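Trainee: Next come a sequence and a model predicted from it.
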Amino acid sequence: MNCLALWVMICKTKPWNRSTLFLCNLTMADIMWMLTLPFLIHYHFARLQWVFGDLACKMVRCMYHACFYSSIYFVTCISLDRYLAVVHPLQSFFLLSRRQSLYVCVGIWVLTSVVSIPSALMTFITPCSQNRTVCTLYIFSYNTNKTLPYTSVSTVTGFALPFVAICYSYWSCTKELKKHSIQKKKKLFRLMYSVLIIFGLMYLPYHLVRNICIVLRAFWSNQTRLVYSSDVAFSVEMAICSFNTCVNPFFYFVTSSNGKNSLKETLSTCCGETKQQVRFKVAAVHPV
């Protein structure tokens, strides 16, 4: 779905606007995030046996962290873009032009890459029991004097502030739309509420459980059963957030009118070509 959305945006959606730019970067963030999956899938299927070396371990963990938060920031940008379009439609082009939007995207990539470096520095491969070599994740490290401040800052800047911005954007959009008699108003409300609920349900439990894992190691490390339970819960939340990251671009893409029309056109063209190919083969086998 990510590759299809990216291809349609690049080849079929013209001209590009701010929303398309943010959507394209969101899609690229999630595609890059998916590139880390083969390494992690092999790692887990091999029963936590890392065979790709220390550098690859650090790069995979860093890339996972950077793309994860890039996705959150681009979702926030899309929400702010809708806020400007609905609440400040005339001033929006001066407040955030396409060139400024490009600068914002570049800034997000630079920011998330820089702030993800500590996650790589706190990652290393280490020998474990049963002749295994584990690619550690900083969440499971007992060096909590580094991991606890890092996860706290990441939670505030990477989730809490974006979540507040998204809530404010859709709350303001709701207030503004109620003042006008717009067709499909209920559909717009359902769409905004769905985005807000999905974002909260996916990312809020993830950050809560992640911080709980580190806090337990910092203050109750002797509670091994509790620590193990929190680790299992965090692994489940990682899987849930991973699913949301995969469907993010496609979900936001089809909810935009230009994107939806381009996607319908592409699919109808593909289906039409397929039908013509089938008719040609049938005619070749059974000539009239």
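Mentor: Thanks, I have the structure now.
Trainee: I'd like the distance between Gly53 and Val60.
Mentor: Gly53 sits 11 Å away from Val60, taking Cβ to Cβ, to the nearest Å as the criterion. Glycine gets a C-beta too; all of them are placed from N, C-alpha and C.
Trainee: The two: who's more crowded?
Mentor: A side-by-side neighbour count of Gly53 and Val60, using other Cβ atoms under 10 Å, places Val60 first with 22 against 12.
Trainee: contacting residues around the more buried one?
Mentor: Val60 sits next to Thr36, Phe39, Leu40, Phe52, Cys135 when contact means Cβ atoms under 8 Å, 6 or more residues apart in numbering.
Trainee: hmm, 6 Å instead?
Mentor: By Cβ atoms under 6 Å, 6 or more residues apart in numbering, the residues touching Val60 are Thr36, Phe39.
Trainee: Going forward, count from 221.
Mentor: In the new count, where the first residue is 221, that last one comes out as Val280.
Trainee: helix or strand for it, which one?
Mentor: helix 274-307 (DSSP states H and E).
Trainee: What is the neighbour count of the closest residue in space to Tyr423 that isn't next to it in sequence?
Mentor: Nearest residue to Tyr423, sequence neighbours excluded (Cβ to Cβ, 6 or more residues apart in numbering): Phe379, at 5.5 Å. A count of nearby residues for Phe379, using other Cβ under 10 Å, gives 20.
Trainee: same check, this time on Ser299
Mentor: 23.
Trainee: Quickly note the distance from it to Met412.
Mentor: For Ser299 relative to Met412 (Cβ to Cβ), the value is 9 Å.
Trainee: what do you get for Phe383?
Mentor: Phe383 is 14 Å from Met412, by Cβ to Cβ.
Trainee: Compare the two and say which is more crowded by neighbours.
Mentor: More crowded of Phe383 and Met412, by other Cβ under 10 Å: Met412, with 21 against 18.
Trainee: Tell me which helix or strand the more buried one sits in.
Mentor: Going by DSSP H and E, Met412 is part of helix 405-439.
Trainee: Then Val354?
Mentor: Going by DSSP H and E, Val354 is in strand 352-355.
Trainee: cool, and Arg267?
Mentor: Going by DSSP H and E, Arg267 is not in any helix or strand.
Trainee: Ok, Leu397 next?
Mentor: helix 381-398.
Trainee: Quick one: mean pLDDT over that helix.
Mentor: Summarised as a single mean, pLDDT over helix 381-398 is 88.
Trainee: what about the strands in the stretch 221-370 of the chain?
Mentor: Here the stretch 221-370 of the chain has its strands, by DSSP state E, counting those that start in this stretch, at 345-348, 352-355.
Trainee: between the ones you listed, which gets the lowest average pLDDT?
Mentor: Taking the mean pLDDT of these, strand 345-348 comes last: a mean of 76.
Trainee: Report all helices and strands that that strand contacts.
Mentor: Packing partners of strand 345-348 (3 or more Cβ pairs under 6 Å, 6 or more residues apart in numbering; DSSP states H and E): strand 352-355.
Trainee: Show me what the strand it packs on packs onto, helices and strands only.
Mentor: Against strand 352-355 (3+ Cβ pairs under 6 Å, 6+ apart) you get strand 345-348.
Trainee: mind redoing it with 8 Å?
Mentor: With contacts taken as 3 or more Cβ pairs under 8 Å, 6 or more residues apart in numbering; DSSP states H and E, strand 352-355 sits against helix 274-307, strand 345-348.
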